[in-house]
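A.B. asks: Compute the structure for the input listed below.
(one chain, ligands or ions: 1)
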Amino acid sequence: MSVHDDRFKRDDFPAHTPRVTPIRKIKATDQIVFSILATWIEGFWTHWVGSTTRPCMVNGDEPCEWCQKNAPKKWAGYLFGYDHQKGELAFLEMTTFGFEKLQKLFPDEKNLRGRKVTVQRERKSEKAPIYFVDSGYVHESLVQVKERSVLPTLKRIWKQWL
Ligand SMILES: [Zn+2]
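C.D. replies: From the prediction side, this is the model:
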């Protein structure tokens, strides 16, 4: 049934918007199981400029504009895998504290793919560092998933600064 009322903007066949793999941030009370499908973490530096986060961009040997201005700098790491809570592939975001915890859990590993971890905050606060508990190995249904890079997701988030 189609009732005509031209005050509404209709779009019965909306154009498909390609979706990038989302970034998963751990909330204060989250406790999620995460299957790691990346060999290693992908890390990036960003600057806080006013209320925006901008990528620290390398231009040959030239330090970036914000490095030159001594703008505060922050590292974030992204680990590709499967978020069992949301039931989707995602990039788990962590700070240097989270990264150190992950390294402590698997000190001899050069390849994290295939590991499964439970992730939560040390306290019920989004400012508290995240930590990991070894939860075994990924299910065989995930072993065929191809590794993805976080770059397409970050490029979309940072597009106005690129
Ligand atoms: Zn910089």
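A.B. asks: average model confidence for the lengthiest helix in the chain?
C.D. replies: Among the segments of the chain that qualify as a helix by DSSP state H, the longest is helix 96-105. Rounded to a whole number, the mean pLDDT of helix 96-105 is 95.
A.B. asks: which neighbours does the helix or strand that it is followed by have in its sheet, and in what orientation?
C.D. replies: Beyond helix 96-105 on the C-terminal side, the first helix or strand identified by DSSP states H and E is strand 115-121. In the sheet, strand 115-121 lines up against strand 31-36 (antiparallel), strand 130-137 (antiparallel) (DSSP bridges).
A.B. asks: Touching the next helix or strand after the shortest one from outside, list them.
C.D. replies: Scanning the chain past strand 31-36 towards its C-terminal end, the next helix or strand to appear is strand 42-49 (assignment: DSSP H and E). Residues outside strand 42-49 that contact it (C-beta atoms under 8 Å, 6 or more residues apart in numbering): 53-56, 64, 66-67, 71-80, 91, 99, 149-151, 154. In this view, the C-beta of every residue, glycine as well, is placed from N, C-alpha and C.
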